[in-house]
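Student: Following is a predicted model, sequence given first.
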Amino acid sequence: MTRPPGPSVRTRLALSYALFLMLAGALLLAVVWVFLLRYVPDSAITTRGGFVPNRSDLVRAFAPAAAAAMVFLLVFGLVGGWFLAGRMLVPLERIGEAARAAADGSLSHRVRMPGWQDEFREVADTFDVMLERLEDHVAQQRRFAANASHELRTPLATSQTLLEVARSDPNGTDRELVERLHAVNARAIAVTEALLLLSRADARSFDPETVDLSLLAEEAAEQLLEMAERRGITLEVTGVPAEVHGSPALLSRLVENLIQNAIVHNSGDGGWVVVRLSSGPRGSTLEVENTGEVISPALVRTLAEPFRRGTDRLREHRGDHVGAGLGLAIVRSIVAAHDGTLDLRPRTAGGLIATVRLPRTG
């Protein structure tokens, strides 16, 4: 519903200043009447020294001056209030300009309020932080949309190419074509399911329940044990029960993604993966450590971005694992949806340590 336009804040402040001055003037006049004029007799006063004004004489002489003073206070209050209000509202005008620029799509504009650290400066700094986070979020979503479009388009284009080659080559083997199409479609399905899960985590569309991370870790380790054994990797789960409040499906996918990522991006035969769980008064911690190639700290900071695949960002599937490049991105979104933190640290000898801290209650 559209509201009718009203007086500006500057006008209302100026009127408030003027009314305050007039009220103060009226209070002074009342003080003069109560403590001075009312004690002067209204009858004629005769003295040997000459004429002495009575109450009526004083009122007739004082009333015009008092009225003039009240008019002066009104004008002075309006003019001075208008000027002071304008000076005081300059910070709000700067914040309004930044808000209008952001509404027009310019998220790079900042208030950068100068001066002392006061209430306006605090609001401006908070607004700048909000714009910075919003700009980063929009940029991240744009990169994600571009990468997702590319990732979903590539399998379809590959399938189309394979079909065209098969149609033009009568001597091609159907078995080879089926295997290649199966791998391409499996990758497309993995990307689509990962994108749907990522969207669900970002939207926080789940009903929280009490979940034990240790049980989820044991179930994920049991499911992935065969994959680890085929690669010659030792998988171990240690720790105590770690209860948190969240979505069982999302948390199960979080644990599974971390362990699967640790198995796939490992050193191969002789490598190991250790899953540790701990619990405290404020929440629970899940730590997944694995051997592997040496990773630079700069690269570690980008591993949780969508469509990153380990140290070499491999595009193909690794044996029995079809990578979508969204494993750690999904983990980060699930952790954020549960108000937790994700910490990725490279091991000096090679490999990665992924630490997830989740609060006991959401």
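Tutor: Structure received.

Student: Tell me who's in contact with Met70.
Tutor: By C-beta atoms under 8 Å, 6 or more residues apart in numbering, Met70 lies in contact with Met22, Gly25, Ala26. Glycine gets a C-beta too; all of them are placed from N, C-alpha and C.

Student: Gly77 versus that one, what's the distance?
Tutor: According to C-beta to C-beta, to the nearest Å, Met70 stands 10 Å off from Gly77.

Student: Give the intersection of the neighbour lists for the two.
Tutor: In contact with both Met70 and Gly77: Met22, using C-beta under 8 Å, 6+ apart.

Student: picking up where we left off before, just curious, which of the contacts of Met70 is nearest to Ala101?
Tutor: Of all those, Met22 has the smallest distance to Ala101: 40.3 Å, by C-beta to C-beta.

Student: got a list of what that closest one touches?
Tutor: Met22 neighbours (C-beta under 8 Å, 6+ apart): Met70, Leu73, Leu74, Gly77.

Student: Would you list the buried entries among these?
Tutor: Using 16 or more other C-beta atoms under 10 Å as the burial test, those include Leu73, Gly77 as buried.

Student: I'd like to know which of the contacts of Met22 is nearest to Leu225.
Tutor: Closest approach between the contacts of Met22 and Leu225, by C-beta to C-beta: Gly77, at 81.8 Å.

Student: Which of the three states applies to the closest one?
Tutor: helix (DSSP: H, G, I helix; E, B strand; the rest coil).

Student: element containing the closest residue to it other than its chain neighbours?
Tutor: In space, and not counting its chain neighbours, Gly77 is closest to Ala18: 3.0 Å by C-beta to C-beta, 6 or more residues apart in numbering. Element membership for Ala18, per DSSP states H and E: helix 9-35.

Student: For that helix, give the mean pLDDT please.
Tutor: In this model, helix 9-35 carries a mean pLDDT of 81.

Student: Run the chain-centre distance for that helix.
Tutor: 47 Å (C-alpha atoms, centre = their mean, to the nearest Å).

Student: Now it: buried residues?
Tutor: Arg10, Leu13, Ala14, Leu15, Tyr17, Ala18, Leu21, Met22, Gly25, Leu29.

Student: The residue nearest to Ala14 when sequence neighbours are not counted: neighbour count?
Tutor: Spatial nearest neighbour of Ala14, excluding adjacent residues (C-beta to C-beta, 6+ apart): Gly81 at 3.6 Å. Neighbourhood size, Gly81 [other C-beta atoms under 10 Å]: 22.

Student: my guess is Gly81 contacts Ala18, does it?
Tutor: Yes - with contact defined as C-beta atoms under 8 Å, Gly81 reaches Ala18; the gap is 5.6 Å.

Student: Report pLDDT for the residue nearest in space to the middle of the chain.
Tutor: Nearest residue to the geometric centre of the chain (C-alpha atoms, centre = their mean): Arg133, 6.0 Å. In this model, Arg133 is scored at 84, pLDDT.

Student: 13 is where my numbering starts, stick with that
Tutor: All right, first residue 13 from here; so that's Arg145.

Student: secondary structure element for it?
Tutor: Taking DSSP H and E as the definition, Arg145 sits inside helix 131-180.

Student: still on that earlier bit, could I get the contacts of Met34 as JSON lines with pLDDT, distance to Leu104 and secondary structure?
Tutor: Output for those, formatted as JSON lines (pLDDT from 0 to 100; distance: C-beta to C-beta, whole Å; DSSP: H, G, I helix; E, B strand; the rest coil):
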{"residue": "Met82", "pLDDT": "85", "distance to Leu104": "32", "secondary structure": "helix"}
{"residue": "Leu85", "pLDDT": "83", "distance to Leu104": "27", "secondary structure": "helix"}
{"residue": "Leu86", "pLDDT": "84", "distance to Leu104": "26", "secondary structure": "helix"}
{"residue": "Gly89", "pLDDT": "84", "distance to Leu104": "22", "secondary structure": "helix"}
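
Student: now, among the contacts of Met34, which is nearest to Glu131?
Tutor: Among those, and counting by C-beta to C-beta, the member closest to Glu131 is Gly89, at 23.9 Å.

Student: pretty sure that closest one contacts Gly37?
Tutor: No - counting by C-beta under 8 Å, Gly89 sits too far from Gly37 to count as a contact (9.4 Å).

Student: Could you give the bridge partners of the spatially closest residue to Arg359 that is not a sequence neighbour?
Tutor: If you skip the residues right next to it in sequence, Arg359 has Ile365 as its closest partner in space, 6.1 Å away by C-beta to C-beta, 6+ apart. Here Ile365 sits in beta bridges with Glu301, Arg357, going by DSSP bridges.

Student: what about Ala341, helix or strand, and which?
Tutor: Assigned by DSSP H and E, Ala341 falls in helix 339-349.

Student: May I have that helix exported as PDB, CA atoms only?
Tutor: C-alpha atoms of helix 339-349 as PDB (Å, rounded to 0.1, in the frame of the first residue of the first chain):
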ATOM      1  CA  GLY A 339      31.800 -32.100  -2.800                       C
ATOM      2  CA  LEU A 340      33.400 -29.500  -0.500                       C
ATOM      3  CA  ALA A 341      31.100 -26.800  -1.800                       C
ATOM      4  CA  ILE A 342      28.200 -28.800  -0.600                       C
ATOM      5  CA  VAL A 343      29.900 -29.400   2.700                       C
ATOM      6  CA  ARG A 344      30.500 -25.700   3.200                       C
ATOM      7  CA  SER A 345      26.800 -24.900   2.400                       C
ATOM      8  CA  ILE A 346      25.600 -27.600   4.800                       C
ATOM      9  CA  VAL A 347      27.900 -26.400   7.500                       C
ATOM     10  CA  ALA A 348      26.600 -22.800   7.000                       C
ATOM     11  CA  ALA A 349      23.000 -24.000   7.000                       C
END
